[in-house]
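[1] based on what follows, work out the 3D shape:
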Amino acid sequence: MAPVTGIPVAVAVAVAVAVAVAVGRFVLGALAGKRSLPPARGRLRSAVSASYRCQEPPVETSPVPYRPDPAGGCPHADNARLLARGAVAPVVLPGGVEGMAVLGHEALREFLQHPEVAKDARHFTQLREGRIPAGWPLLTFAAVRGMTTADGADHRRLRGLVSRAFTPRRVEELRARIEELIGSLLDDLERAAADGDGVADLRRHFALPLPMGVIGELLGVDAEFRDRLHHLTDQVVATDIGPAEAVAANRELVAVLATVAADRAEHPGDDLTSALIAARDEDGDRLGQEELIGTLVLMIIAGHETTLNLITNAVRALCGHRDQLELVRKGDAGWADVVEETLRWDAPVSYFPFRYPVRDLTVDGTVIPAGTPVLAGYSAAGRDPAAHGPDADRFDVTRPGRADAVRHLSLGHGAHYCLGAPLARLEATVALERLFDRFPALDLATPEDGLPRSGSFVSNSVHALPVRPGPRSGG
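    Numbering: from 1, shown residues only. I've put the predicted structure just below:
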């Protein structure tokens, strides 16, 4: 969601509904005027270590707009170069769409909670004026009808409909089921390694089916749909996808979830989809059909993609920093510390679309015009040396939390803070503890710089994670 989120984490990711229907609802009217955000603190210029091979020392370049690679790739080298120039950067998105990215921790924290920054795409000037094509790969992040694109009373209404499923008490009640599922998946991972000469894809056999299984059960999505839904959501968050593929993936995702909703309407159960349908039927103006499908889209994507990346990135980090793993084993740090440091150091979501200033805003000395699509740079903010010190690029599970602000922003901030954060943290913490308890010698089977990256600059992880689990503990 992370999990189910308004984020990012938790992020973060992303969403899709029938784009043409949503676009037709955008209305005219961005207000004129100017507001300013407080400037971020003075930026420290520190070299970036080679913790991951994708990192290089930041090199000053000409202040031209940054073009995120649609094929994704490791973001940290580019983030370091951009942060060396400032907390805000102009960007050119696929298709030549001009936008901005807020990268610095303090600037992003203020921007995410600013009262004149909106999520509703009616404030997206280029979209409102008809200058965004239907096959634009990022369009679904704007067009979905749900809480990630709602403001004010609409956002509170939609968030309130699902929030009861993600209270800390409700999440804790899921612990036994999560532990049961993890035990079964560890068995699957062990069998896959035995069939693969000691090597198995941890992402496929463990990190993916855990959050997908949990969110699937919460929503009442039958197991037969889950693999297809993951494939489709992968395409939705991809930024290297072609227009025809993007439209087709959106349509099929909506169709599959409409089938799920129709089945739950006919055969209601003790699940969130049935509860959402009941809310719609009892008081039709509370949740329309588009909002129902949009909410399911959000829940499926955010409910597993971000947690999938979080677990994957944590395993990569621990395998690459055995000294940090040893600190946890000795009791000098906890598994929850590993989760928080991974969220900071290698955020599951890199650049999350979109927010729009409703008035011109000056952020860290840079004017962001009203109606500009803005990316939230979570992976950059996590390694901002102005917030996290000159060793911000170092993975350190004993890193103390900050007294003056949140430790990281990877699960969002403000009204759209990740709704599923408690669930994401529980899943990841238990998963890592059980994984390394079972397989203490687990290590990567492919060097870090040889791992295939996800084809998206929104998602931040690898597409596969071949590991050698090694013998069981005590075996």
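[2] buried stuff in stretch 362-371?
    362-364, 366, 368, 370-371 (16 or more other Cβ atoms under 10 Å). Bear in mind the C-beta positions are built from the backbone N, C-alpha and C, glycine included.
[3] swap that for stretch 438-446, please
    Of the residues in stretch 438-446, 438-439, 442, 444-445 count as buried by neighbour count, 16+ other Cβ under 10 Å.
[4] now, among these, which is nearest to Gly382?
    Distance to Gly382, by Cβ to Cβ, is smallest for Leu444 among the buried residues of stretch 438-446, at 21.8 Å.
[5] okay, now the closest residue to that closest one other than its chain neighbours: neighbour count?
    Nearest residue to Leu444 in three dimensions, chain neighbours excluded: Cys319, at 4.9 Å (Cβ to Cβ, 6 or more residues apart in numbering). By other Cβ atoms under 10 Å, 19 other residues sit near Cys319.
[6] pretty sure Cys319 is touching Ala445, no?
    No - if you go by Cβ atoms under 8 Å, Cys319 and Ala445 don't touch, sitting 9.9 Å apart.
[7] if we can go back for a sec, tell me the two of the buried residues of stretch 362-371 that are most distant?
    Spanning the widest gap among the buried residues of stretch 362-371 are Asp364 and Gly371, at 19.5 Å by Cβ to Cβ.
[8] mind listing the strands for the stretch 251-400 of the chain?
    According to DSSP state E, counting those that start in this stretch, the stretch 251-400 of the chain carries its strands in the segments 351-357, 360-363, 366-368, 374-377.
[9] next one: phi and psi at Gly99?
    Torsion angles at Gly99 (phi, psi; degrees, to the nearest 10) stand at phi -150, psi -160.
[10] please apply the same query to Val91.
    Main-chain torsions, Val91, degrees, to the nearest 10: phi -130, psi 150.
[11] quick one: the strands in the stretch 1-150 of the chain?
    34-36, 88-93, 97-102, 117-118.
[12] need these in a markdown table (columns: mean neighbour count).
    Below are the strands of the stretch 1-150 of the chain laid out as a markdown table (neighbours: other Cβ atoms under 10 Å):
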| stretch | mean neighbour count |
| --- | --- |
| strand 34-36 | 14 |
| strand 88-93 | 21 |
| strand 97-102 | 22 |
| strand 117-118 | 23 |
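[13] could you tell me the least trusted of those strands?
    Mean pLDDT across those is lowest at strand 34-36; the value there is a mean of 43.
[14] which parts of the stretch 351-475 of the chain are helices?
    In chain order, the stretch 351-475 of the chain shows helices spanning 378-382, 385-388, 421-438, with DSSP state H, counting those that start in this stretch as the criterion.
[15] off-centre distance for the last one?
    So that's helix 421-438. 17 Å (Cα atoms, centre = their mean, to the nearest Å).
[16] packing partners of it?
    Here helix 421-438 touches helix 168-173, helix 175-195, helix 209-219, helix 289-320, helix 322-329, helix 335-345, going by 3 or more Cβ pairs under 8 Å, 6 or more residues apart in numbering; DSSP states H and E.
[17] what comes up buried for the last one?
    Across helix 335-345, burial judged by 16+ other Cβ under 10 Å covers 335, 337-345.
[18] about what we covered before: looking at the helices and strands packed on helix 421-438, which is buried most?
    Sort the helices and strands packed on helix 421-438 by mean neighbour count, taking mean count of other Cβ atoms under 10 Å, and helix 289-320 sits at the top with a mean of 27.
[19] can you add pLDDT and distance to Arg286 and give the buried residues of stretch 438-446 back as JSON lines?
    Formatted as JSON lines, the buried residues of stretch 438-446 follow (pLDDT from 0 to 100; distance: Cβ to Cβ, whole Å):
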{"residue": "Arg438", "pLDDT": "97", "distance to Arg286": "45"}
{"residue": "Phe439", "pLDDT": "98", "distance to Arg286": "47"}
{"residue": "Leu442", "pLDDT": "98", "distance to Arg286": "47"}
{"residue": "Leu444", "pLDDT": "98", "distance to Arg286": "48"}
{"residue": "Ala445", "pLDDT": "97", "distance to Arg286": "50"}
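[20] measure the closest residue to Pro65 other than its chain neighbours to Pro133 for me?
    Nearest residue to Pro65 in three dimensions, chain neighbours excluded: Pro90, at 4.1 Å (Cβ to Cβ, 6+ apart). Distance of Pro90 to Pro133, computed by Cβ to Cβ, to the nearest Å: 21 Å.
[21] check Ser274 too.
    The gap separating Ser274 from Pro133 is 37 Å, by Cβ to Cβ.
[22] likewise for Gly96?
    Remark: distance between Gly96 and Pro133 (Cβ to Cβ) = 11 Å.
[23] and if you look at Val374?
    Counting by Cβ to Cβ, the gap between Val374 and Pro133 amounts to 20 Å.
[24] okay, those two: which has more neighbours?
    Val374 (25 against 11).
[25] the more buried one and Glu98 touch, don't they?
    No - in this structure, Val374 is not within contact of Glu98 by Cβ under 8 Å, at 11.1 Å.
[26] list the buried ones in stretch 115-127?
    Using 16+ other Cβ under 10 Å as the test for burial, stretch 115-127 gives 116-127.
[27] need those in JSON lines (columns: distance to Ser459).
    Shown next, in JSON lines, are the buried residues of stretch 115-127 (distance: Cβ to Cβ, whole Å):
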{"residue": "Glu116", "distance to Ser459": "29"}
{"residue": "Val117", "distance to Ser459": "23"}
{"residue": "Ala118", "distance to Ser459": "24"}
{"residue": "Lys119", "distance to Ser459": "20"}
{"residue": "Asp120", "distance to Ser459": "24"}
{"residue": "Ala121", "distance to Ser459": "21"}
{"residue": "Arg122", "distance to Ser459": "26"}
{"residue": "His123", "distance to Ser459": "25"}
{"residue": "Phe124", "distance to Ser459": "22"}
{"residue": "Thr125", "distance to Ser459": "26"}
{"residue": "Gln126", "distance to Ser459": "24"}
{"residue": "Leu127", "distance to Ser459": "22"}
